[in-house]
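**Q** here are the coordinates; sequence isn't available:
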């Protein structure tokens, strides 16, 4: 199990200890207390979303916003390559994504002021600037609340885990963490959904029948308890998932054809992208993919060239191509982002770049987003947006808009406080077809 510790001491792992549904230790029955959904805008282009979180903060200058004409202390060690869009260049170590630029849009003028990992991560995962008095729900929690899906599948899945939280919406909207990533060519299962250790569908059905008899026997004690009735309803849904062939097969990437799966490669990130495409096809509404290791204060170019960029290039290009092949790209919005960019000026004593929220990039694809474009720009030295900037709030508004969710809609905390889904964001109409 790989472990990454960012410079502020936050530990991030490729996967959590198998056996729970996440940090809260939710059982499957408790996790499934997210069945009720709200109304959404009819005719929305996206029916599902995939959020790829590049945790640690990737360098914009060394990836999707290169500065080949800048001085050495800014330009860095990488050259650039042309893309499928004339006049647009990106890092030489992203050749597959360069060829696939017609499928996504680069937003180069995102900017904010939170240079700490935790605060930046909270901001980029919720679209709301963090407050000490309130924990905002992540995108996936909002989607779980607003969009219905197949009863036997979770609405919100994180691979292998996610920084997103349910916030004031409550744990019933928390993600189902897979806690691991698939391995190429091998059957894959998620504990809590898949049957393991000799457990059969028949044995589960026997236990469910026993539980039903006990429920009948004690019905008089709980007829006035909405909580117990609710728990019973969600237990029934958990039972449906465990006994559903559809749910188990949705997570089993070995069922994909070799012709489809081989382009994703064998890295954990590529296999996570393969699983995400399969989950979308099965009806899961929101998937996050955590991709760690981008906190490159030291040895920036070696780590990018050898460890970080090749899997991103292979896995993300395969995801976009694969979704298109399955006819799912137009109905799935894909969002790729870290919590901030990195300093244009190299810290020469350590051979890396430091935290830099004033300039960063995001990638958006599918869900009505027009591909093959670059929106916004940074100055020649990559230090700040040139002209107008875009905030994480604005990007969140785009995602909600694509899914048909009104980002101005108000929720209420358990104390009755009204809170909009996204407080300050605005939709950029130029993003959409």
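**A** Thanks, I have it. Just so it is clear, the structure is predicted and the values come from calculations on it, not from any experiment.

**Q** looking at the chain, which helix or strand does the model trust least?
**A** helix 28-31 (a mean of 41; mean pLDDT, DSSP states H and E).

**Q** Counting by contacts, list what the next helix-or-strand element following that helix packs against.
**A** Scanning forward in sequence from helix 28-31 by DSSP states H and E, the next helix or strand is strand 48-54. With contacts taken as 3 or more C-beta pairs under 8 Å, 6 or more residues apart in numbering; DSSP states H and E, strand 48-54 sits against helix 117-126, helix 139-146, helix 268-282, strand 286-291, helix 309-325, strand 332-337, helix 392-402. Heads up, the C-betas are built off the backbone N, CA and C, glycines and all.

**Q** Now the third one: average pLDDT?
**A** Along helix 268-282, the predicted local confidence has a mean pLDDT of 97.

**Q** pLDDT below threshold where in the stretch 201-350 of the chain?
**A** Scanning the stretch 201-350 of the chain for pLDDT under 70 picks out the ranges 201-243.

**Q** Same check on the stretch 51-200 of the chain?
**A** Ranges of the stretch 51-200 of the chain meeting pLDDT under 70: 191-200.

**Q** where along it do the helices fall?
**A** With DSSP state H, counting those that start in this stretch as the criterion, the stretch 51-200 of the chain has helices at 72-75, 95-99, 117-126, 139-146.

**Q** For the third one, give me every contacting residue.
**A** What that stands for is helix 117-126. Contacts with helix 117-126, where a contact means C-beta atoms under 8 Å, 6 or more residues apart in numbering, come from 6-8, 10, 51, 53, 55-57, 112, 114, 129-130, 136-139, 162-164, 167, 295, 337-340, 355, 357, 392, 396.

**Q** what ranges do the strands span in the stretch 101-250 of the chain?
**A** Using DSSP state E, counting those that start in this stretch, the strands found in the stretch 101-250 of the chain span residues 104-110, 156-159, 176-177.

**Q** Of these, which stretch is the most buried?
**A** With neighbours defined as mean count of other C-beta atoms under 10 Å, these peak in mean count at strand 156-159, which reaches a mean of 29.

**Q** list the contacts for residue 267?
**A** Each residue near residue 267 by C-beta under 8 Å, 6+ apart is listed here: 310, 311, 314, 315.

**Q** isn't the first one right up against residue 92?
**A** By that I understand residue 310. No. Residue 310 is not in contact with residue 92 according to C-beta atoms under 8 Å; the separation is 11.7 Å.

**Q** In terms of neighbours, single out the busier of those two.
**A** Ranked by neighbour count (other C-beta atoms under 10 Å), residue 310 and residue 92 place residue 310 first, with 19 against 14.

**Q** Next up, the contacts around the more buried one.
**A** 93, 267.

**Q** buried subset of the contacts of helix 117-126?
**A** Neighbour-count burial (16 or more other C-beta atoms under 10 Å) applied to the contacts of helix 117-126 gives 6, 10, 51, 53, 55-57, 112, 114, 129-130, 136-139, 162-164, 167, 295, 337-340, 355, 357, 392, 396.

**Q** which other residues reach stretch 73-80?
**A** So stretch 73-80 is in contact with 59, 61-62, 66-69, 89-93, 300-301, 304-305, 344-346, 348, 381-382, going by C-beta under 8 Å, 6+ apart.

**Q** Please pick the buried ones from those.
**A** Buried by 16+ other C-beta under 10 Å: 59, 61-62, 66-67, 89-91, 93, 300-301, 304-305, 344-346, 381-382, out of those.
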